[in-house]
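*Asks:* only geometry, no sequence info:
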Ligand code: SF4
């Protein structure tokens with residue numbers, strides 16, 4: 001059996017129009033600068049895609065990329081990235097998923113895949129230990145993601161789309177096992193290429209390049225994961241729905257299409273209710289010791305329990321307070337291949353349009369009756385579902401209501417209302433893919449994560465320290481997305497170190513609010529450095545690793561600027577900027593924060609990376 005040292009340095013380039021595929025090498029210098037995952041996917045898109053293409057045309061390229069950690073014992077390191085130009089936002093976007101496909105792809109001999117062109121009939125791609133073929137999928141077209149993977153499990157590990165992707169719903173997901181790459185419509189891009197799925201099977205063994213160094217780093221990392229209250233206890237016990245109580249009480253859970261700051265049925269949809277009444281067992285991504293997901297019993301059916309974002313957007317946002325309903329919809333969304341955040345966002349928007357007499361539909365806040373049918377209609381583009389399938393921004397262009405259309409750059413707003421954590425507003429406004437919670441998310445340091453009333457590190461409503469921390473957390477996120485480590489590792493790796501743990505909280509708060517440049521510059525990312533150095537066999541220092549994240553963030557911004565993105569797009573929905581009267585809300589002083597943020601980033605006043613910023617990061621102008 002062949003053993004590879006962490007990475008193959010080989011990417012498969014498949015053209016579905018011609019049916020041809022080639023393996024392309026990755027140089028050591030590109031590996032060092034972009035690392036893997038998001039970073040390498042971006043670099044490949046930058047080198048291979050021209051600006052201005054239609055995301056649903058054969059010109060779009062879908063890049064699937066593993067990180068150096070995939071297949072090694074690195075904790076929470078087995079996820080993979082999918083990246084392309086998004087059909088929902090029209091700009092570049094990435095998404096991450098924890099299924100087994102990524103590890104099998106690497107064992108088959110490739111670190112990633114680029115899929116170009118379009119097949120003239122439904123197909124799937126089969127990768128079996130270096131043998132690559134394009135197979136007919138006519139008989140498989142129409143199957144849901146769970147049904148499909150169950151029927152074809154002997155073939156290997158899959159990434160697959162459901163009917164929503166086939167029908168090019170602009171927020172269709174890609175599934176791998178029972179996890180999904182959820183945001184920005186990657187599934188629709190597969191559907192536009194007539195690609196039902198990709199299956200990988202490999203028998204190479206993956207080893208780390210420096211076993212002794214890695215072993216030492218792993219021991220420290222595992223200890224920290226267990227010691228941290230979030231990864232060692234709360235995520236295992238309550239999962240991401242722990243946020244319902246914490247963020248519901250902090251007035252940042254979206255309620256009634258982002259119109260209210262409090263949901264009176266919050267307790268009914270809490271993580272504690274899931275734990276006490278539904279949970280059967282925990283589940284997680286391969287190789288993850290945290291296992292934050294869970295299977296629950298809902299009306300005598302074992303289903304994947306909904307995550308916080310699904311509960312927030314399909315529950316509180318629609319005024320639905322029944323966990324059974326939300327869990328059944330979650331199952332339908334996963335099977336059909338729909339993003340629960342965008343689906344909840346667009347249904348909430350349609351409910352308000354209907355209430356205001358601007359749209360004729362049966363959708364009503366607090367009424368569960370028509371939601372399942374609407375989900376199906378979106379996935380199959382039937383009736384009104386065909387229009388909802390294009391997302392909030394396009395729906396508002398047709399029916400009006402731009403004022404309460406809650407999206408940024410076309411991406412429906414995730415489950416954190418910036419009026420209760422204003423730095424999150426800056427994060428949404430500047431995130432490369434739109435209103436995602438997965439870029440520069442400051443909500444956790446702007447609120448008390450335990451909901452017990454302890455003062456947060458940054459003030460929820462002020463502007464102090466926000467620009468520094470949004471930039472820092474965006475770059476850190478891009479670094480973890482390039483490695484690829486799960487974002488949950490940021491809690492133990494950034495917080496379980498001597499300075500952070502033993503400095504009294506009031507002093508930490510003072511420094512983070514008043515001396516953010518020092519707080520950010522002294523943040524400890526040495527666990528990531530040590531693990532990656534052990535995996536790859538060369539020393540990766542703090543500066544080099546942080547630069548990987550900063551480089552990826554700026555490259556994506558530059559690519560989006562070439563698509564027409566600028567200062568005018570770095571904003572928030574008008575409702576969020578103008579309605580601030582509810583309890584716990586305050587105005588988001590976006591202009592003030594943006595000015596500082598652009599300066600810190602080295603961007604001009606229109607939000608474009610300056611030439612010297614690009615030079616400093618070694619990104620060639622095109
Ligand atoms: S913490 Fe959760 S999402 Fe992250 S790798 Fe583990 S199981 Fe997957």
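*Replies:* Arrived safely. In this text the structure is predicted, and so the values were computed from the model without any measurement. Numbering: from 1, shown residues only.
*Asks:* give the contact list for the closest residue to residue 382 other than its chain neighbours.
*Replies:* Leaving aside its chain neighbours, residue 382 sits nearest to residue 376 (7.5 Å; criterion: Cβ to Cβ, 6 or more residues apart in numbering). From N, CA and C alone the C-beta is placed, and that goes for glycine too. Counting by Cβ atoms under 8 Å, 6 or more residues apart in numbering, residue 376 touches 332, 336, 382, 385.
*Asks:* For the helix or strand hosting residue 376, which residues meet the burial criterion?
*Replies:* Here residue 376 sits within helix 371-379, counting by DSSP states H and E. Using 16 or more other Cβ atoms under 10 Å as the test for burial, helix 371-379 gives 371, 374-379.
*Asks:* Which helix or strand lies directly C-terminal to that helix?
*Replies:* helix 384-388.
*Asks:* Other residues contacting that next one?
*Replies:* 346-347, 350, 359, 361, 374, 376-379, 394-395, 398.
*Asks:* what comes up buried for the host helix or strand of residue 346?
*Replies:* Residue 346 is part of helix 340-355, with elements assigned from DSSP H and E. Neighbour counts using 16+ other Cβ under 10 Å place 340-354 of helix 340-355 among the buried residues.
*Asks:* What of stretch 487-501?
*Replies:* 487-497.
*Asks:* Can you confirm whether it lies near the ligand?
*Replies:* Yes. Using Cβ under 6 Å from any ligand atom, stretch 487-501 comes into contact with the ligand via residue 488.
*Asks:* which residues are in contact with that stretch?
*Replies:* 75-76, 221, 224-225, 227-228, 230-232, 235, 290, 292, 438, 476-477, 480, 508, 522-528.
*Asks:* Let me know the pLDDT of the residue of the stretch 501-622 of the chain found nearest the ligand.
*Replies:* Scanning the stretch 501-622 of the chain for proximity to the ligand using Cβ to the nearest ligand atom identifies residue 531 as nearest, at 14.3 Å. On pLDDT, residue 531 comes in at 97.
*Asks:* could you list every residue that touches the closest residue to it other than its chain neighbours?
*Replies:* Using Cβ to Cβ, 6+ apart and skipping residues adjacent in sequence, the residue nearest residue 531 is residue 217, 4.7 Å away. By Cβ under 8 Å, 6+ apart, the contact list for residue 217 reads 527, 530-531, 533-534.
*Asks:* Of those, which belong to helices?
*Replies:* 527, 530-531, 533-534 (DSSP state H).
*Asks:* Out of those residues, who's the most crowded?
*Replies:* residue 531 (30 neighbours; other Cβ atoms under 10 Å).
*Asks:* Surely residue 412 touches residue 406?
*Replies:* Yes. Look at residue 412 against residue 406 with Cβ atoms under 8 Å: they come within range, at 6.6 Å.
*Asks:* More neighbours: which of those two?
*Replies:* Using other Cβ under 10 Å as the criterion, residue 412 and residue 406 rank with residue 412 on top: 29 against 26.
*Asks:* sorry, back to before: now tabulate the buried residues of stretch 487-501 in a markdown table and tack on pLDDT.
*Replies:* Output for the buried residues of stretch 487-501, formatted as a markdown table (pLDDT from 0 to 100):
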| residue | pLDDT |
| --- | --- |
| 487 | 91 |
| 488 | 93 |
| 489 | 94 |
| 490 | 93 |
| 491 | 93 |
| 492 | 95 |
| 493 | 95 |
| 494 | 92 |
| 495 | 91 |
| 496 | 92 |
| 497 | 87 |
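*Asks:* Make CSV out of these and add secondary structure.
*Replies:* Output for the buried residues of stretch 487-501, formatted as CSV (DSSP: H, G, I helix; E, B strand; the rest coil):
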residue, secondary structure
487, helix
488, helix
489, helix
490, helix
491, helix
492, helix
493, helix
494, helix
495, helix
496, coil
497, coil
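*Asks:* Mind telling me the two of these farthest from one another?
*Replies:* 487 and 497 (17.8 Å; Cβ to Cβ).
*Asks:* and the chain, which residues reach the ligand?
*Replies:* For the chain, the contact set with the ligand under Cβ under 6 Å from any ligand atom comprises 76, 98, 284-285, 288, 290-293, 486, 488.
*Asks:* Going along the chain, name the helices of the stretch 351-500 of the chain.
*Replies:* Assigned by DSSP state H, counting those that start in this stretch, the helices in the stretch 351-500 of the chain fall at 371-379, 384-388, 391-399, 422-430, 443-446, 466-483, 490-495, 498-502.
*Asks:* Point out the most buried one among these.
*Replies:* Per-stretch averages of neighbours, counted by mean count of other Cβ atoms under 10 Å, single out helix 422-430 among these, with a mean of 29.
*Asks:* Just want the angle from it to helix 466-483.
*Replies:* Here the directions of helix 422-430 and helix 466-483 differ by 60 degrees (axes from the mean of the first three to the mean of the last three Cα atoms, to 10 degrees).
*Asks:* quick one: contacts for the spatially closest residue to residue 304 that is not a sequence neighbour?
*Replies:* In this structure, residue 304 finds its nearest non-sequential neighbour in residue 178, 5.4 Å apart by Cβ to Cβ, 6+ apart. Neighbour list for residue 178: 99, 146, 283, 304, 334 [criterion: Cβ under 8 Å, 6+ apart].
*Asks:* Near residue 96, how many other residues are there?
*Replies:* 25.
*Asks:* which residue packs closest to residue 496, ignoring adjacent ones?
*Replies:* residue 224 (3.9 Å).
*Asks:* and that neighbour, what is it in contact with?
*Replies:* Counting by Cβ under 8 Å, 6+ apart, residue 224 has contacts 492-493, 496-497, 527.
*Asks:* again, only using 10 Å
*Replies:* Residue 224 makes contact with 75, 231-232, 489, 491-497, 501, 527 under the criterion Cβ atoms under 10 Å, 6 or more residues apart in numbering.
*Asks:* now swap in residue 527 and tell me
*Replies:* Counting by Cβ under 10 Å, 6+ apart, residue 527 touches 75, 217-218, 220-221, 224-225, 485, 489, 492-494, 496-497.
*Asks:* one more time with 6 Å
*Replies:* 221, 493 (Cβ atoms under 6 Å, 6 or more residues apart in numbering).
*Asks:* okay, it: pLDDT?
*Replies:* On pLDDT, residue 527 comes in at 96.
*Asks:* Now residue 64: phi and psi?
*Replies:* Main-chain torsions, residue 64, degrees, to the nearest 10: phi -110, psi 130.
*Asks:* State the distance from it to residue 3.
*Replies:* Per Cβ to Cβ, to the nearest Å, residue 64 is found 23 Å from residue 3.
*Asks:* Next: residue 268.
*Replies:* 52 Å.
*Asks:* more neighbours, those two?
*Replies:* When neighbours are counted by other Cβ under 10 Å, residue 268 comes out ahead of the other of residue 268 and residue 3, with 14 against 8.
*Asks:* Report the separation between the residue nearest to that one when sequence neighbours are not counted and the ligand.
*Replies:* Nearest non-adjacent residue to residue 268, counting by Cβ to Cβ, 6+ apart: residue 321, 4.4 Å away. According to Cβ to the nearest ligand atom, to the nearest Å, residue 321 and the ligand sit 26 Å apart.
*Asks:* That concludes my questions; thank you for your assistance.
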